[in-house]
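[1] coordinates for the following, if possible.
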Amino acid sequence: MDAEKLRAARDKLTRVFRYLEALNQHRNPAKRQIHEQPWSFWLRDFPEHPSIQRGAAKASSCKTKDRNSQGNGQGTEDGSASFVLKVQRPRLTRAPEPPERIAPWLEDGWEDPSNGFTLKQTLDEAHDGAEPRIAQFADDPARAECLERWKILRSEWAKTEKPARVAMKIFESFYALYGRIDREAERVELVLGDGLLSWRRKDGGIYHPILLQRLQLQFDASVPEFTVSEADHPVELYSALFQSMNDVDGRAIGRCREELEEGGFHPLINGSTSGFLKRMVVQLSPRGEFLEERAPNIDVDDPCIGRDPVLFLRARTLGFAAVIEGILADLRTREDLPWALLNIVGEESSIASEGDANRLAAHAQADGEVLLSKPANPEQIRIAQQLEEHGGVLVQGPPGTGKTHTIGNLVGHLLAQGKSVLVTSHTTKALRMVRHHIVPELRPLCVSVLESDLDSRKQLESAVGSIAERLSRADASSLEMQAEKLQSERLDLLKRLDEIRNLLTEARADEVLGARRCRSPSHAGKGSPRLDSWPRRRGGATASFSGRVGRPLSHRSFDFPRRRK
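    Take a look at the predicted model:
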């Protein structure tokens, strides 16, 4: 494309994606309050208990050397811990049983360590069938002594049992969270946030962390224990929060995002991370303030950022904004615009004409360059050819028409060319079906990136193991020789198949020609042709017979014994 046409096309595409950006902001507005998220839990609320262990940030996330950690769950630079948090099910104990002398005088609820206990001041007592009488607790001095001894035992038990009960509630909360993530893995994800921004604005107040790290939640039922660890994603800046703010410089936010990518800051690291947040709050307003040791107050007039890590659950729709933002940045410098997008905005395209489509269909059945790993029909071969020629193809059809089978075939064809393939879908189930349609020899090379990172790592390890095993059994030269041999055999088979198709086509044409001759007017008045004058099929081949009427029906005649009447 010339410069003027390229400029016009880029301008049209930019307006299209600006519209998509505004539409996404309208349909999926960025959450401004942390309580608007589906689930959240502050790290400061975790009790000190052996069932709750706090880990550290990954060493890969710490690129700078100033990594001073503190005792509030923040990590160290060595990265010795491979988790952020571990929550085991605590062992709960019962309260010490009160002596029989005071048990009837205790009100309900004395088994709860978070509450105290109360005594009944009076009690109806009856002895040996006598009339009941109202007794006072202080009437028996031995009751007070038993109460004091039991009170000491209960106080020691409550001191250790109270954090265990809190830890149990946290374990139950994570249990419910794990089930929700398992059911809605395609819609929600677990995130660690820090850099809590508080800012009262006319368009809506903000109280939300801006430094985010994706997490993954694993459950070991044999312990039982929940493990929260970092996902294989870098720390990100919650830049979608500032896209609707006209008074915030977008270029300054872009520079902060670039600094975050280069600096390797982390929500669980002090030192340089605090310096990054301090510099960023000044980019938002000249009156911006940073708090090192605590969270900011809610609804402050000027932007204020504080350190207070929090775990929360968010919707995955935030990725749309990041993708659109990346596309807009790429459009500013890209020279080769995709033809599929150019067609949308009315610019020139390279869609195949009807003549090209007919030519592709004519040669679809005998193309030696299309390497499909599963049985295929001519339509699938044509799809592969159009994909090679034009770079894109749209396939539509109702369920059950073989679209997933076609994708599995195309994956094998593209892998044969040394390409890598990315398959995307709205649901995890669809990706599982595509993986099922990949031939078993190629299935170990499929790595899922939608579900938990632990499953992705297992699939990646399986792929690496399969490749290493294959390379250990053969070297490059032997594999090339085997590939050339198989390619030669394949071309011979395709040639033979083409010859057989031509023979079948000629035989079918002979059938049609013979039928027309038998019905021609030249045979009128000569009687009906005998039964054996019609073309017959024997053993998959077409046999033509010459009868009493007319000339032989074909230049190829076969003599078969006649059936007895």
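[2] which SSE is the nearest residue to Pro104 once chain neighbours are set aside in?
    Leaving aside its sequence neighbours, Pro104 sits nearest to Leu123 (C-beta to C-beta, 6 or more residues apart in numbering; 6.2 Å). (Each C-beta comes from the backbone N, C-alpha and C, glycine too.) Leu123 is located in strand 122-125, with elements delineated by DSSP states H and E.
[3] which is the succeeding secondary structure element to that strand?
    Next along from strand 122-125, by DSSP H and E: strand 133-136.
[4] where does the prediction get shaky in the chain?
    Within the chain, the segments meeting pLDDT under 70 span 1, 57-81, 126-131, 348-368, 450-456, 518-565.
[5] if we can go back for a sec, which residues are in contact with the residue nearest to Pro104?
    By C-beta atoms under 8 Å, 6 or more residues apart in numbering, Leu123 lies in contact with 104-105, 134-135, 137.
[6] parallel or antiparallel, which strands does the strand holding Leu123 pair with?
    The strands beside strand 122-125 in its sheet (DSSP bridges) come out as strand 133-136 (antiparallel).
[7] chain center to stretch 43-58: distance?
    The gap between where stretch 43-58 is centred and where its chain is centred comes out at 28 Å by C-alpha atoms, centre = their mean, to the nearest Å.
[8] just use 95 as the starting number from now, easier for me
    Renumbered: residue one is now 95, and that last one reads stretch 137-152.
[9] alpha carbons of that stretch, in CSV - could you do that?
    Provided in CSV are the C-alpha atoms of stretch 137-152 (Å, rounded to 0.1, in the frame of the first residue of the first chain):
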residue,chain,number,x,y,z
LEU,A,137,-3.6,-10.0,54.4
ARG,A,138,-3.6,-8.0,57.7
ASP,A,139,-6.6,-10.0,58.8
PHE,A,140,-4.8,-13.4,58.7
PRO,A,141,-4.2,-14.6,62.3
GLU,A,142,-0.9,-15.8,63.7
HIS,A,143,-1.5,-19.5,63.7
PRO,A,144,0.7,-22.5,62.6
SER,A,145,-1.9,-23.6,60.1
ILE,A,146,-1.4,-20.3,58.1
GLN,A,147,2.1,-19.8,56.5
ARG,A,148,3.1,-16.8,54.6
GLY,A,149,5.6,-17.2,51.8
ALA,A,150,7.5,-14.8,49.6
ALA,A,151,7.6,-13.3,46.2
LYS,A,152,9.2,-15.2,43.3
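[10] and it, what's buried?
    For stretch 137-152, the neighbour count (16 or more other C-beta atoms under 10 Å) marks 137, 140, 143, 145-152 as buried.
[11] CSV for those, including distance to Val178?
    CSV is the format used below for those (distance: C-beta to C-beta, whole Å):
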residue, distance to Val178
Leu137, 9
Phe140, 11
His143, 17
Ser145, 16
Ile146, 12
Gln147, 10
Arg148, 8
Gly149, 5
Ala150, 8
Ala151, 8
Lys152, 9
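[12] going by distance to Leu186, which of those residues wins?
    Ser145 (10.5 Å; C-beta to C-beta).
[13] for the stretch 395-544 of the chain, what spans make up the helices?
    Listed in chain order, the helices found in the stretch 395-544 of the chain under DSSP state H, counting those that start in this stretch are 412-425, 433-438, 448-456, 472-484, 497-510, 522-531.
[14] would you mind giving the ones you listed as JSON lines with mean neighbour count and distance to Asp288 added?
    Shown next, in JSON lines, are these (neighbours: other C-beta atoms under 10 Å; distance: least, C-beta to C-beta, whole Å):
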{"stretch": "helix 412-425", "mean neighbour count": "15", "distance to Asp288": "17"}
{"stretch": "helix 433-438", "mean neighbour count": "15", "distance to Asp288": "38"}
{"stretch": "helix 448-456", "mean neighbour count": "12", "distance to Asp288": "56"}
{"stretch": "helix 472-484", "mean neighbour count": "18", "distance to Asp288": "45"}
{"stretch": "helix 497-510", "mean neighbour count": "19", "distance to Asp288": "41"}
{"stretch": "helix 522-531", "mean neighbour count": "15", "distance to Asp288": "30"}
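[15] distance to Arg109 added to those, as a markdown table?
    Below are the helices of the stretch 395-544 of the chain laid out as a markdown table (distance: least, C-beta to C-beta, whole Å):
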| stretch | distance to Arg109 |
| --- | --- |
| helix 412-425 | 10 |
| helix 433-438 | 11 |
| helix 448-456 | 31 |
| helix 472-484 | 25 |
| helix 497-510 | 33 |
| helix 522-531 | 32 |
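[16] which of the three states applies to Glu600?
    Assigned state for Glu600: helix (three-state reduction, DSSP: H, G, I helix; E, B strand; the rest coil).
[17] ok, now how distant is it from Glu593?
    11 Å (C-beta to C-beta, to the nearest Å).
[18] do the same with Leu247
    Counting by C-beta to C-beta - Leu247 and Glu593 are separated by 97 Å.
[19] beyond the strand or helix carrying Phe320, next helix or strand please.
    Using DSSP H and E, Phe320 falls within strand 319-324. Scanning forward in sequence from strand 319-324 by DSSP H and E, the next helix or strand is strand 330-331.
[20] mind listing what that next one pairs with, with the direction of each?
    If you go by DSSP bridges, strand 330-331 pairs up with strand 300-314 (antiparallel).
[21] what number of residues are in the vicinity of the residue lying closest to Leu331 once chain neighbours are set aside?
    In space, Leu331 comes closest to Arg351 once its chain neighbours are excluded; the distance is 4.9 Å by C-beta to C-beta, 6+ apart. Counted by other C-beta atoms under 10 Å, the residues lying close to Arg351 total 15.
[22] quickly find the element holding Arg351.
    Assessed by DSSP H and E, Arg351 sits inside helix 344-357.
[23] what residues sit buried inside that helix?
    For helix 344-357, using 16+ other C-beta under 10 Å, the buried residues are 347, 350, 354, 357.
[24] turn those into JSON lines, columns for distance to Arg274.
    Output for the buried residues of helix 344-357, formatted as JSON lines (distance: C-beta to C-beta, whole Å):
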{"residue": "Ile347", "distance to Arg274": "32"}
{"residue": "Cys350", "distance to Arg274": "32"}
{"residue": "Leu354", "distance to Arg274": "29"}
{"residue": "Gly357", "distance to Arg274": "34"}
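[25] pick the one among these closest to Lys513.
    Taking C-beta to C-beta as the measure, Lys513 sits nearest to Leu354 out of the buried residues of helix 344-357, at 32.4 Å.
[26] can I see the domain layout of the protein?
    123-184+262-410, 444-571 (automatic domain parsing).
[27] which of those domains sits most buried?
    Of all the domains of the chain, domain 123-184+262-410 has the most neighbours on average by mean count of other C-beta atoms under 10 Å, namely a mean of 17.
[28] nearest to Ala577, of the domains of the chain?
    Per C-beta to C-beta, nearest to Ala577 of these: domain 444-571, 9.7 Å.
[29] ok, now which ones touch Ile438?
    Counting by C-beta under 8 Å, 6+ apart, Ile438 makes contact with Val110.
[30] quick one: it and Leu539, what's the gap?
    Distance of Ile438 to Leu539, given as C-beta to C-beta: 33 Å.
[31] now the end-to-end length of stretch 484-492.
    One end of stretch 484-492 to the other measures 24 Å (C-alpha to C-alpha, to the nearest Å).
[32] and stretch 133-147, by the same measure?
    21 Å.
[33] pull the residues that contact it.
    Contact with stretch 133-147 is made by 128, 148, 166-167, 177, 179-184, 257-258, 260-261, 264-265, 267, 271, 274, 402-407, as judged by C-beta under 8 Å, 6+ apart.
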